[in-house]
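Undergrad: Need coordinates for the following:
(one chain, ligands or ions: 1)
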Amino acid sequence: MTDVLRNLVGKITFRNSDNLQLKHKTSIQSTTSNTGQEKKKRKSETGEKVEDVKLHHDIPNFNNSAKYINDIENLIISKLIDGGKESIAVDHIEHVDISDRKTDEKVVGKKESISSKLSKERVDRMINFDYRYNKIKQRILHKKVYKHDHKTNADKKNHGGTIDISYSATEVVGHGSFGVVVTTVIIETEQKVAIKKVLQDKRYKNRELETMKMLRHPNTIGLQYYFYEKDEEDEVYLSLVLDYMPQSLYQRLRHFVHLKTEMPRLEIKFYAYQLFKGLNYLHNVPGICHRDIKPQNLLVDPATFSFKICDFGSAKCLKPDQPNVSYICSRYYRAPELMFGATNYSNQIDVWSSACVIAELLLGKPLFSGESGIDQLVEIIKIMGIPTKDEISGMNPNYEDHIFPNIKPITLVGVFKEEDPDVLELLTNTLRYHPCERSTPLKCLLLSYFDEIKRCDTDAHAKAQYLRIFDFDVKTELGHVPSVELSTTEAQLKYPVT
Ligand SMILES: Nc1ncnc2c1ncn2[C@@H]1O[C@H](COP(=O)(O)OP(=O)(O)OP(=O)(O)O)[C@@H](O)[C@H]1O
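TA: Here you go, the predicted structure:
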């Protein structure tokens, strides 16, 4: 997102109005300059037309959460870009009068904290606190950190000790609603890393750290170290030192969109394979549902096609007897059962989101881009048709409101008619209303869509071998496969079905 922001100038203001609607007002006044005000001045002096774009969005107040605001920012930015305004810049985004936690808690109850939203001021403070100052002074930072041991899934903290690491000037690569992410090189190990710094909400245990400690897989981002520090106001920040990846899938896709070309189909296949492989691990080994699969949370290296899932800030181990918040996951990627208010949803919400991501890579734009929660459902219905009674009860048995617009669906076949029928099969098996009818990540890996990378003696196969994407740990990654099916499944994971 920072890359986009860096290229954009203007002002976005979010307001709460009296009638419990969150008003979004956008006013953009520049076309090409990096410094909006200067450019505006220059343009008026030279008599050139100053472009003024205003966007208004009415959002129901109950959706006024940090994630939602972030969605809206992305929506506004992508609208500007998609509207051909590539060179318009936003020099900052202001959030005004946003009543966040209180409103959120009314909806989610106090049981589940998702994360603490950061104000713009706090993000600025966090950057200034260490990194911006550091950048000017080129000073080396020394930190006492807890080392996470990936072999034992333990950390030094449990054994009562810290070690010292140091690193120099850092580059801010991302700031989301909850943290600031910078990249640097650890001097002692010469390893390039990303450091994600998040504000610690004293009331809750940080679930992202707890989750990351459980992970050990080539397709999930690895935790190397972590440390805590306080600012001058006594606020505690947790920093997670993570494996570095060159870019997010969002940035990778924007690269092709800006060039007005498509992402190569083979590259998409590699990322799709590793996404399902990562999910198969997450869902079956630590038993975690990510709950926020989207292009921004998938990291890639286009040189090797390596791929890792990141941002476990919303991840949770879902227990069948415990309710979970339905207000989760970024809107474009949100499974329909969440829109139906289900609180007993399963890991299969990640499969829906993954299918939306793959569809977006093919299309160059989101498949379902609703402007609000309800509109999102309408966008889904436009393509998938109206859900049947069975499908509705599969999504949420308590849902009683059955009024839907009567429209003839475009269908997935209609949208993807130019694509390979194998990718259409993948999408039709995963974009199903009924969560139980959606293929599991392992079933997706067995689809003929992936045969191309399984065939020996091709460049693609060599790339796949280099990434070791056909290596599965039988005890863990395939531990849930019934023993009678194990050898066939193993063979099918390695070789194309003939
Ligand atoms: N390990 C990493 N290597 C390189 N870049 C990273 C890494 N982790 C995160 N980033 C960059 O930082 C961005 C934000 O990271 P992340 O999603 O973890 O933060 P967040 O504060 O939870 O964001 P959001 O609130 O938008 O979900 C990512 O989209 C990516 O561009």
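
Undergrad: Which residues of the stretch 101-250 of the chain lie near the ligand?
TA: Contacts of the stretch 101-250 of the chain with the ligand, taken as Cβ under 6 Å from any ligand atom, map to 173-174, 176-179, 181, 183, 194, 196, 221, 242-245, 248. (Each C-beta comes from the backbone N, C-alpha and C, glycine too.)

Undergrad: Mind checking which of these are in strands?
TA: Among those, the members found in strands (DSSP state E) are Val173, Gly174, Gly179, Val181, Thr183, Ala194, Lys196, Leu242, Asp243, Ser248.

Undergrad: quick one: contacts for the fifth one?
TA: If I follow you right, that is Thr183. The contact partners of Thr183, by Cβ atoms under 8 Å, 6 or more residues apart in numbering, come to Thr170, Glu171, Val173, Lys192, Val193, Ala194, Ile195, Tyr244.

Undergrad: One more: Tyr228?
TA: Gln200, Val236, Tyr237, Leu238, Ser239.

Undergrad: The closest residue to Arg291 other than its chain neighbours and the ligand, how far apart?
TA: Nearest non-adjacent residue to Arg291, counting by Cβ to Cβ, 6 or more residues apart in numbering: Ser314, 4.3 Å away. Between Ser314 and the ligand the computed distance is 8 Å (Cβ to the nearest ligand atom, to the nearest Å).

Undergrad: quick check, Ser314 in a strand?
TA: No: counting by DSSP: H, G, I helix; E, B strand; the rest coil, Ser314 falls outside a strand, being coil.

Undergrad: That one: neighbour count?
TA: When neighbours are defined as other Cβ atoms under 10 Å, Ser314 has 22 of them.

Undergrad: Same check on His258?
TA: 11.

Undergrad: can you check Asn406 too?
TA: 7.

Undergrad: Quick one: residues contacting it.
TA: Applying Cβ under 8 Å, 6+ apart to Asn406 gives the contacts Ile386.

Undergrad: Find me the pLDDT at it, would you?
TA: Note for Asn406: predicted pLDDT of 75.

Undergrad: for Lys23, same thing?
TA: pLDDT for Lys23: 31.

Undergrad: Can you name the residues that contact Ile288?
TA: By Cβ under 8 Å, 6+ apart, Ile288 lies in contact with Thr211, Met214, Leu282, Phe312, Ala315, Lys316, Cys317.

Undergrad: now, which of those residues sits nearest Ser393?
TA: Lys316 (24.0 Å; Cβ to Cβ).

Undergrad: The closest one touches Asp292, doesn't it?
TA: No: assessed by Cβ atoms under 8 Å, Lys316 is found out of contact with Asp292, at 10.4 Å.

Undergrad: of these two, who's got more company?
TA: Taking other Cβ under 10 Å, Lys316 and Asp292 do not tie; Asp292 has more neighbours (24 against 20).

Undergrad: Make TSV from the contacts of Ile288 and add pLDDT to it.
TA: Converted to TSV, these look like this (pLDDT from 0 to 100):
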residue	pLDDT
Thr211	95
Met214	95
Leu282	98
Phe312	95
Ala315	96
Lys316	95
Cys317	96
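
Undergrad: who in the stretch 251-400 of the chain is up against the ligand?
TA: Gln296, Asn297, Leu299, Cys310, Asp311, Gly313.

Undergrad: Flag every buried residue along the lengthiest helix in the chain.
TA: Taking DSSP state H as the criterion, the chain has its longest helix at helix 265-284. Buried residues in helix 265-284, counted by 16 or more other Cβ atoms under 10 Å: 267-284.

Undergrad: Also stretch 444-460?
TA: Counting neighbours by 16+ other Cβ under 10 Å, one finds that the buried residues in stretch 444-460 are Cys444, Leu445, Leu446, Leu447, Tyr449, Phe450, Asp451, Glu452, Ile453, Lys454.

Undergrad: Let's see if you can find the most crowded of the ones in strands among the residues of the stretch 101-250 of the chain next to the ligand.
TA: Of these, with other Cβ under 10 Å as the count, Lys196 tops at 26 neighbours.

Undergrad: And the strands in the stretch 251-400 of the chain?
TA: Applying DSSP state E, counting those that start in this stretch to the stretch 251-400 of the chain gives strands spanning 298-301, 306-309.

Undergrad: what sits up against the first one?
TA: Spelled out, that is strand 298-301. By Cβ under 8 Å, 6+ apart, strand 298-301 touches 221, 245-250, 252, 271, 275, 306-310, 357.

Undergrad: Which pLDDT value belongs to the closest residue to Met395 other than its chain neighbours?
TA: Nearest non-adjacent residue to Met395, counting by Cβ to Cβ, 6+ apart: Glu337, 3.8 Å away. pLDDT, the model's per-residue confidence, is 94 for Glu337.

Undergrad: who touches Glu337 in this structure?
TA: Counting by Cβ under 8 Å, 6+ apart, Glu337 touches Ser326, Tyr345, Ile349, Gly394, Met395, Asn396, Pro435.

Undergrad: quick one: contacts for the nearest residue to Leu266 once chain neighbours are set aside?
TA: Spatial nearest neighbour of Leu266, chain neighbours left out: Ala460 (5.8 Å); criterion: Cβ to Cβ, 6+ apart. Residues near Ala460 by Cβ under 8 Å, 6+ apart: Leu266, Phe270, Glu452, Ile453.
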